[in-house]
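In: whatever this is, show me its structure:
(4 chains)
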Number of protein chains: 2
Amino acid sequence: MATISDVASRAGVSTATVSRALNGKATVDPELAARVLAAAEELGYRPNGPARNLRKQETAVLALIISDVENPFFTAIARGVEDVAHEAGYSLVLCNSDDAPAKEREYVDVALQERVAGVLLSPTGSPDTAELLARHSTPVVAVDRPLPGRASDTVLVDNRLAAKHATLHLAGQGYGRIGCLTGPSGVPTADDRLAGYRDGMRAAKLPGSASLVRRSRFKADGAQRAAHSMLTQDDPPDALLVGNSAMAVGVLEALAALHLKPGRDVGVVAFDDAPWTTLLDPPLSVVAQPAYDIGALAARLLLDRIAGDRAETSTTTLSAHLVARGSSTR
Amino acid sequence: MATISDVASRAGVSTATVSRALNGKATVDPELAARVLAAAEELGYRPNGPARNLRKQETAVLALIISDVENPFFTAIARGVEDVAHEAGYSLVLCNSDDAPAKEREYVDVALQERVAGVLLSPTGSPDTAELLARHSTPVVAVDRPLPGRASDTVLVDNRLAAKHATLHLAGQGYGRIGCLTGPSGVPTADDRLAGYRDGMRAAKLPGSASLVRRSRFKADGAQRAAHSMLTQDDPPDALLVGNSAMAVGVLEALAALHLKPGRDVGVVAFDDAPWTTLLDPPLSVVAQPAYDIGALAARLLLDRIAGDRAETSTTTLSAHLVARGSSTR
DNA sequence: CCGACGCGAGCAATCGTTTTCTCGGACGCT
DNA sequence: AGCGTCCGAGAAAACGATTGCTCGCGTCGG
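Out: Residues are numbered from 1 along each chain as shown, chains lettered A, B, ... in the order given. Here you go, the predicted structure:
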């Protein structure tokens, strides 16, 4: 691959001049600049990124570490980040932690090594990663979940309040034994949604019960098993608050298998507004989260911090809103 | 951030020894190696990626350029790629071309500059990008769509055959006026699916008609409009072959708005097996593509090529299979 | 007419690694 | 005992860009 000196000798100038010409930096004789440009074009010259990054001690790359590329909520965030980053001339690296602390740590390590300009992270909650980040000065923005043990810019959704509202909505529709199916213990969003559910039960003066709460991974299969076991127990719930859209798929499958109709037999509200929720009969009530905005905002915060514009860390909490549809009305 | 010389002086050795110790390279005195390791640990040393890449003239990073991170088909591919890449010690950079040749070109440019080890590309079809790649020796694997004008390793799905099968299936179910709703002209997958549809119509001895074919972006909104216009025209279709799952959402919305029931009133088969298709009433018939396998295979091909194991370029065509459900039976 | 100033271009240092080469010491063989 | 060999570690040269510094030349003002 052609290097800057190849271009320089072909244009009959020094490498310094090539660099300046190509970066439109200092004043360069227009005629020389033209020669340089022509030579670069003919050779198909692309500056060597690593060399440039090494010298400039910075890269125009952001890393976004999320737990699941197949989760539409996270891909919507990714799109928000990407649009803003791209606008500002940054590229985006997407990494999959699978919610595994080890993989997360590994990717943070890679990001640190590659000296990315900044990291957007949806933390698994492992203090290990947080500690790793704390020891280095790379700017970080936590997304969707707070970073444990370290102050950082953070963009969250008010999951607790949203879960409370959803629960109260179900109660208001006359459901009396509302169950909650949430994500793994320790995952802040899962815990917050559970806490909000409990807030709602208390506010609605409904009796809580351990048998009305189940946890599983944020996936369809686990949710299906959990829903099935819950619905076939003594004293089953007559409504369910479900942790995300993938889990909703599992829950709805379980309901279908038991010949229970959403809404009429069992009220259902799920987090995440997936495009297909309106196609169901009855359509699924959801808690819509502003995923794109989360990403866009987080990216802006990160870019600001990279530019050194701000000192104080901030935490922004966006609100989610309930979209009541047929699955939560009798 | 600590550099290798910081580690060296703290351990009382030369940078060369640190490098060797940390990379487990040549024989290093165990006692020295231990000192180095300890020093590196204490300083929280991470090797500088750009410097290393510059020196080694290689990076352990693959780039995957797809047209839409929000399309589950592509994210499933991404997951396949990621699993294989990660296994082999490579990281994955995901980029969104939005099916825009300009953005695609830009990302290829970035990938080339950063000297990634290889590129996986789902080409928009722009000859521009192909030409750019052709001038550089970075290994490339085309995914889901062929790379125009240049021989390269390619992993495809037999869209044409799958579309033909789906069309014949609809014909076999007694639908006589089968329509086709596919993606933009010029996108090979869209064109292949249309060609397969025509093959099927011919094989079923059904009359084709321009009024039975519509194109839109591979998104819900465009598909909804197209489906609506098609279904409200004189002589509307009694069945539809739909280009992907996002478009299926639009089509089903259009059907609902017109009070037409899938299966009974209008047969529907859509490409992409989304998890929610079984939840519908009736469940949606789909053409399931082996997305994960495409990604995994493509990644393996790319890694082989990076390792220089193969000379000949290869094209692998995987087959998709029809999953007939209620939406395509009366 | 001469000196100062400015502008444009080249020289060379620099970024942090890896890796080749070299060198010194220890060991073994004759 | 002397010489050759081998092994381990350091010195130094890359890798390819950017950039501070210097230098030469042209112009303008005194």
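
In: okay, now A:Thr329: neighbour count?
Out: If you count neighbours by other CB atoms under 10 Å in any protein chain shown, A:Thr329 ends up with 17. In this view, the C-beta of every residue, glycine as well, is placed from N, C-alpha and C.

In: what about it, distance to A:Asp235?
Out: Separation of A:Thr329 from A:Asp235 (CB to CB, to the nearest Å): 23 Å.

In: near chain B, which residues of the stretch 151-300 of chain A?
Out: Within the stretch 151-300 of chain A, the positions adjacent to chain B are A:220, A:246, A:249, A:252-253, A:256, A:274-276, A:278-281 by CB under 8 Å from any CB of the partner chain.

In: show me the residues you listed that map onto helices.
Out: Using DSSP state H, the members of those that fall in helices are A:Ala220, A:Ala246, A:Val249, A:Leu252, A:Glu253, A:Ala256.

In: what about chain A, any weak spots by pLDDT?
Out: Applying pLDDT under 70 to chain A flags the ranges A:26.

In: what about the helices in it?
Out: Ranges of helices within chain A are A:4-11, A:15-23, A:30-43, A:49-56, A:72-87, A:101-113, A:127-134, A:159-172, A:188-203, A:220-231, A:245-257, A:291-306, based on DSSP H.

In: for the most centrally placed residue in chain A, list the residues it contacts.
Out: Chain A has A:Phe74 as the residue nearest its centroid, 4.0 Å off, counting by CA atoms, centre = their mean. Listed by CB atoms under 8 Å, 6 or more residues apart in numbering or on different chains, the contact set of A:Phe74 reads A:Ile66, A:Ser67, A:Asp68, A:Ser122, A:Ala291.

In: kindly report the same for A:Ala76.
Out: Counting by CB under 8 Å, 6+ apart, A:Ala76 makes contact with A:Ala291, A:Tyr292, A:Gly295, B:Glu70.

In: closest one to DNA strand C out of the residues you listed, please.
Out: A:Gly295 (31.4 Å; CB to the nearest atom of the strand).

In: out of the helices of chain A, nearest to B:Leu132?
Out: With CB to CB as the measure, helix A:30-43 is the member of the helices of chain A nearest B:Leu132 (12.1 Å).

In: anything in that closest one near DNA strand C?
Out: Yes - judged by CB under 7 Å from any atom of the strand, helix A:30-43 comes into contact with DNA strand C at A:Leu32.

In: buried residues in stretch A:191-204?
Out: Buried residues in stretch A:191-204, counting neighbours by 16 or more other CB atoms under 10 Å in any protein chain shown, are found at A:Asp191, A:Asp192, A:Arg193, A:Leu194, A:Gly196, A:Tyr197, A:Arg198, A:Asp199, A:Gly200, A:Met201, A:Ala204.

In: my error: substitute stretch A:209-228 in the last question.
Out: A:212-220, A:222-224, A:226-228.

In: likewise stretch A:265-276?
Out: Within stretch A:265-276, the residues that count as buried by 16+ other CB under 10 Å are A:Val266, A:Gly267, A:Val268, A:Val269, A:Ala270, A:Phe271, A:Asp272, A:Asp273, A:Ala274, A:Pro275, A:Trp276.

In: next, count neighbours for A:Ser152.
Out: A:Ser152 has 22 neighbours, counted by other CB under 10 Å.

In: distance of it from chain B?
Out: To chain B, A:Ser152 is 18 Å away according to CB to the nearest CB, to the nearest Å.

In: just checking, that residue touches A:Ala142?
Out: Yes - if you go by CB atoms under 8 Å, A:Ser152 and A:Ala142 touch, sitting 5.4 Å apart.

In: which neighbours do those two have in common?
Out: The contact sets of A:Ser152 and A:Ala142 do not overlap (CB under 8 Å, 6+ apart).

In: related to what we said a few turns ago, any idea which of the residues of the stretch 151-300 of chain A next to chain B is closest to DNA strand D?
Out: Looking across these and measuring by CB to the nearest atom of the strand, the closest to DNA strand D is A:Pro275, at 43.3 Å.

In: residues contacting the closest one?
Out: B:Ala220, B:Ala246, B:Val249.

In: circling back to that earlier point, now the buried members of the ones in helices among the residues of the stretch 151-300 of chain A next to chain B.
Out: A:Ala220, A:Ala246, A:Val249, A:Leu252, A:Glu253.

In: redo the residues you listed as a markdown table? Include distance to A:Thr316.
Out: What follows is those, written out as a markdown table (distance: CB to CB, whole Å):
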| residue | distance to A:Thr316 |
| --- | --- |
| A:Ala220 | 31 |
| A:Ala246 | 26 |
| A:Val249 | 30 |
| A:Leu252 | 33 |
| A:Glu253 | 36 |
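
In: list just the nearest of those to DNA strand C.
Out: A:Ala246 (40.3 Å).

In: please see if stretch A:3-21 touches chain B.
Out: No - using CB under 8 Å from any CB, we find that stretch A:3-21 stays clear of chain B, coming within 11.3 Å at best.

In: now the end-to-end length of that stretch.
Out: Distance between the boundary residues of stretch A:3-21 (CA to CA, to the nearest Å) amounts to 15 Å.

In: and stretch A:119-130, by the same measure?
Out: 12 Å.

In: list the contacts of it.
Out: Under the contact criterion CB under 8 Å, 6+ apart, stretch A:119-130 has outside partners A:62-67, A:74, A:77, A:81, A:97, A:99-101, A:104-105, A:108, A:111, A:133, A:138-150, A:186-188, A:295, A:298-299, A:302.

In: chain A against DNA strand C: which residues are in contact?
Out: Counting by CB under 7 Å from any atom of the strand, the residues of chain A lying close to DNA strand C are A:12-17, A:26-29, A:32, A:51, A:54-55, A:57.

In: derive a PyMOL selection command for the buried subset of the residues you listed.
Out: Per 16+ other CB under 10 Å, the buried members of the residues of chain A next to DNA strand C correspond to this PyMOL selection:
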select buried, chain A and resi 13+17+28+32+51+54
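
In: follow-up on the earlier one: name the nearest of the contacts of A:Ala76 relative to DNA strand D.
Out: A:Gly295 (29.6 Å).
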